[in-house]
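A.B. asks: Have a look at this fold, sequence not included:
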């Protein structure tokens, strides 16, 4: 894209055939959401009130709630149903200013449904202006039918699911949930080594519920990014800084689960680039809104408005290997832009809770105008 | 309004000439926002980053920030500028499902500007579908020019400002900020006794920064509602329950100032009806969104989804003396309705950060359709 005054533009190029008026507004880069679980079916709206009434997560899971419920609903859903749900979420993302989003499988946990989720993402990407970065995440959880033998499931992932996803060119990165009761650091090492072999960029769910050394593991395995990090150790944070791993903070999860926030000030201080994401998913953060998580990243976690804006654009683009093309308004980059109905980007935090996105431009095309989706 | 099935309707009335399809959605009462400071000029978007960087509120106020900045900007603004700002805020409220809103003066702190704010509210109410409940609040703060003699300012309020507002029929209720460094309990008693004499409903800003006995004072003075209450004592809460004072929780303020939340569970347990409001204002809660404060009331303060919905509708209507006409979907009440793009009202909390409001009906008229304001 060209960046400069109208006069400069007209001296060097043909006059534009269309002008988008941003007077009184603020132009920022389109948001990049680097961590979502978009293609899911079923809702779990009752869990908050149950938690508030004193039930634990394991009690809820034990009565058919939790991730098991989402896996069952996603396995049951047809591709067409899943596609409609995903397109509706992409619409909401776009209305909130997101022009590029990562999206994971991981509610299939078997070959058929993991492939179904990723095929839905491919189809959605062809139909929708939001650019989708597809991530294979069969190692999101150990499925019910493999609880007696988690290593057996890791075998299935490495021998069957990953190769099938790679053969279909259905993913460009991988993510693994390394956590107590999910995948151990050793299982995670095996999964990531194999994924690396397939040429995929590596992301990691790390140190969400306890310090399992996930941050260090992300550094050790050459991950592009590690998410969550609520319990990351000082050593882990230092290792991430050393290795250049990007931290993806998910303040929507902390907000919805009434939990602590990621130690974003420690991360910034250590020199780790911090990105923010919605983690849009049906259990712990059901939101498509980057402005909402920007406000939470500041008011909850303690980023400044400027840090949060960079976290939601350039650092997020870097986490997805796209910082050369997306994430900032620079000559030569793609024109992914948001016009805010606000006099400064600080209003994303200051004027919280409402949608300030007036117009959205994706790859030079106007895709939202005056708050309304344009036909595409 | 009639409430029932289509078949019942058509047996008793003429068939409607227009049908609003809510299939797949959820119909709830229009939100009632019982505490806002809508007619203000100027923004204070820099204060959050300054607080984050370690500056105190008094340091910010000392350098020209804080409420003094808003008073100066509001005094400077023309009626026409203030009207445009107010109408724009009413648009945002309506898009977020608010069909009735309280709105205060209190950034004038002199006769001329208090009257200007309230005249702007009257004009806005004539032009806009959102129903406005105007509140006189010249006792929002002691103005700079009266800092040497706060009692002198109370005299001016009682002898000049209240009578002028009453003469113009510009308010139907009064609010006073009873707080250390603002108005003492004794000054508040005098202000409220006089307001009562003028026939106004009484609201109170109480126990926001410390326990000054504001909750008890609300009970003692026969207030309809007391707002904030972060530091309300057990005795004060018991007195409110006894006297039937409604508590208005303002979770957006707690969120934005990174402060504690009002003790909503204690209030509910004591039998005090809890309402929630945005407190839309340029210093401590710059949001027009009732869905945003509903989510904060639950995830921050600890209301259940159902309690928060009642707080944002029926209890809020009661705080404004309108529970006989607004706040619930009942035969004989006014048709103020919101259709949510969600399968249950729990999604207001569960699906946070996005605007789920699809349609809005005010007094039987469709004022928002498919997320867009209709001409009015």
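C.D. replies: Yes, it's here. Because the structure is predicted, anything quoted here is derived from the model rather than measured.
A.B. asks: buried set for the helix or strand bottoming out on mean pLDDT in chain A?
C.D. replies: Least confident helix or strand of chain A, by mean pLDDT, DSSP states H and E, is helix A:57-62 with a mean of 78. Neighbour counts over helix A:57-62 (16 or more other Cβ atoms under 10 Å in any protein chain shown) mark A:57, A:60 as buried. C-beta: built from backbone N, CA, C; applies to glycine.
A.B. asks: Could you name the helices and strands sitting against it?
C.D. replies: With contacts taken as 3 or more Cβ pairs under 8 Å, 6 or more residues apart in numbering or on different chains; DSSP states H and E, helix A:57-62 sits against helix A:47-52, helix A:66-76.
A.B. asks: Please convert those to a markdown table, extending it with mean neighbour count, mean pLDDT and distance to chain B.
C.D. replies: Shown next, in a markdown table, are the helices and strands packed on helix A:57-62 (neighbours: other Cβ atoms under 10 Å in any protein chain shown; pLDDT from 0 to 100; distance: least, Cβ to the nearest Cβ, whole Å):
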| stretch | mean neighbour count | mean pLDDT | distance to chain B |
| --- | --- | --- | --- |
| helix A:47-52 | 19 | 87 | 5 |
| helix A:66-76 | 19 | 95 | 13 |
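A.B. asks: Now render the ones you listed as TSV, adding distance to residue B:352.
C.D. replies: Compiled in TSV, the helices and strands packed on helix A:57-62 are given as follows (distance: least, Cβ to Cβ, whole Å):
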stretch	distance to residue B:352
helix A:47-52	10
helix A:66-76	18
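A.B. asks: Looking at the ones you listed, which is nearest to residue B:200?
C.D. replies: The closest of the helices and strands packed on helix A:57-62 to residue B:200 is helix A:47-52. By Cβ to Cβ, the value is 37.3 Å.
A.B. asks: Quick one: list the elements packing against that closest one.
C.D. replies: Other helices and strands packing on helix A:47-52, by 3+ Cβ pairs under 8 Å, 6+ apart, are helix A:57-62, helix B:305-311.
A.B. asks: out of those, which comes closest to residue A:353?
C.D. replies: Smallest distance to residue A:353 across these (Cβ to Cβ): 14.2 Å, for helix B:305-311.
A.B. asks: Could you give the number of residues near the closest residue to residue A:302 other than its chain neighbours?
C.D. replies: Nearest residue to residue A:302, sequence neighbours excluded (Cβ to Cβ, 6 or more residues apart in numbering or on different chains): residue A:265, at 5.3 Å. Neighbourhood size, residue A:265 [other Cβ atoms under 10 Å in any protein chain shown]: 16.
A.B. asks: Is residue A:265 part of a helix or strand, or is it coil?
C.D. replies: State at residue A:265, reduced to three classes by DSSP: H, G, I helix; E, B strand; the rest coil: helix.
A.B. asks: mind checking the SS state of the closest residue to residue A:199 other than its chain neighbours?
C.D. replies: Spatially, and ignoring its direct neighbours in sequence, residue A:199 is nearest to residue A:166 (7.9 Å; Cβ to Cβ, 6+ apart). Assigned with three-state DSSP, residue A:166 falls in the helix class.
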